[in-house]
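Novice: Give me the fold of what follows.
(4 chains)
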There are 2 protein chains.
Amino acid sequence: MAHSYDDVGMRDVARDVGVDAALVSRYFGGKEELFLDVLDSCKNKRSLIDGDRTEFGLRVARQIIEGPEDEDDNGFTGLLVLLRSIGSSKAMDIVQRTSDANFFQPLTEWLGGKHAAGRARLLAGMIMGVAISREMSAGYSEVAGVERETMVQRFAAILQAEVDAG
Amino acid sequence: MAHSYDDVGMRDVARDVGVDAALVSRYFGGKEELFLDVLDSCKNKRSLIDGDRTEFGLRVARQIIEGPEDEDDNGFTGLLVLLRSIGSSKAMDIVQRTSDANFFQPLTEWLGGKHAAGRARLLAGMIMGVAISREMSAGYSEVAGVERETMVQRFAAILQAEVDAG
DNA sequence: AAGTCTTGTCAACAGCTGATGACAAGCTCA
DNA sequence: TGAGCTTGTCATCAGCTGTTGACAAGACTT
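Specialist: Numbers count the residues shown, from 1 in each chain, chains lettered A, B, ... in the order given. Now for the predicted structure:
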């Protein structure tokens, strides 16, 4: 699982790699720089934008609501880390800058057409929100499988409408 | 501004009230209990649900996108604190339980009709996401005023459609 | 072979966190 | 008046954080 900025310590990172914490701190030049590097390493995936434009809604909706089949990076892990790191005053600067440069702006350009910025913001917001609502109620009010498929279809239509609105 | 669980220390809370931190810790029984009390104090507002059902979309969309006129509690502060506190392993339990009890479930009941749980989840997710996207790009790519009004209208229609879908 | 750079560890640092025991002043009530 | 409760402060605690200086072993270069 991907965590947040505040929640992951240097010693955690170091342990995962089997190395001393001092080395990590030194190699990256500090925790913030490490965070920035991690986020930048996720930006090249562009899994949101890549793919058929006419199936954007369905593709994204399914991935967000049903979650990734493989436990590894599904292209949204970077976004989830970003979302979880909101609320951290130390990471806020990086979060704002990165989300803008790696998420909002590319989406705006890809959308094009009328009110591209506003539509991108709306689209990004809805995607982030549904993604995060999934783990906010994890283990509590699970939505049944049948109903989930309906959710996917509804959400897909909403997203696609925003893409085609240009 | 409302902050997150990890970002606000006992000493901060105490200073704001003009009191020693020890008193706060003792009076509430600990930081987690304080957090829980704060969240519960926000639940009675029900500002999402209260009001005309046929204007739910417009009312919520305007409040979320344009922000509150008064700097004080606009009924969404509790939700924003909740959102920002995701990513904190210490607050996660409380966040999940509270958001379910004070947010998802009331919304589900209020919605009613077919697939109420799924629609509520979708609705809640979109609302949270757009709310949070506003502060993720604060100061960077501001959306112009004209475009913002279009956003409000589009978002309102999306939300209202989900309400009426039952 | 000698010098130097990289890769890495260890111990320690200052700064912060939430919490707690000891204690003081003021209030209430018998 | 004196007992007991509330309200509040202060110093202090252990635990955690990111960072850094000192040092060691290996690899590469001259």
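Novice: packing partners for the helix or strand bottoming out on mean pLDDT in chain A?
Specialist: Every helix and strand of chain A was ranked by mean pLDDT, DSSP states H and E. The lowest is helix A:77-84, at a mean of 89. Judged by 3 or more C-beta pairs under 8 Å, 6 or more residues apart in numbering or on different chains; DSSP states H and E, helix A:77-84 is in contact with helix A:31-42, helix A:92-99, helix A:116-136. Every C-beta, even on glycine, is put in place using the N, C-alpha and C of the backbone.
Novice: outside of it, which residues touch it?
Specialist: A:2-5, A:7, A:38-39, A:42-43, A:45, A:95, A:98-99, A:102-103, A:128, A:131-132, B:86-87, B:132, B:136 (C-beta atoms under 8 Å, 6 or more residues apart in numbering or on different chains).
Novice: go with 6 Å
Specialist: A:2, A:4, A:42, A:95, A:99, A:128, A:132, B:86-87 (C-beta atoms under 6 Å, 6 or more residues apart in numbering or on different chains).
Novice: what separates that helix from the chain centre, distance-wise?
Specialist: Chain-centre distance of helix A:77-84: 5 Å, with C-alpha atoms, centre = their mean, to the nearest Å.
Novice: same thing with stretch A:115-123?
Specialist: Using C-alpha atoms, centre = their mean, the offset of stretch A:115-123 from its chain centre is 17 Å.
Novice: circling back to that earlier point, give me the angle between the least confident helix or strand of chain A and helix B:116-136.
Specialist: If you take axes from the mean of the first three to the mean of the last three C-alpha atoms, to 10 degrees, helix A:77-84 sits at 80 degrees to helix B:116-136.
Novice: Next, the angle from helix A:77-84 to helix A:92-99.
Specialist: Going by the same axes, to 10 degrees, helix A:77-84 makes 140 degrees with helix A:92-99.
Novice: ok, residue A:157 to residue B:161 distance?
Specialist: Distance, residue A:157 to residue B:161, by C-beta to C-beta, to the nearest Å: 10 Å.
Novice: can you check residue A:111 too?
Specialist: To residue B:161, residue A:111 is 21 Å away according to C-beta to C-beta.
Novice: Show me which residues of chain A sit near DNA strand D.
Specialist: For chain A, the contact set with DNA strand D under C-beta under 7 Å from any atom of the strand comprises A:8-12, A:21-22, A:25-26, A:30-32.
Novice: try 10 Å
Specialist: A:5-14, A:20-35, A:90 (C-beta under 10 Å from any atom of the strand).
Novice: Quick one: buried ones out of these?
Specialist: Neighbour-count burial (16 or more other C-beta atoms under 10 Å in any protein chain shown) is assigned, among these, to A:5-8, A:10, A:13-14, A:24-25, A:28, A:31, A:34-35.
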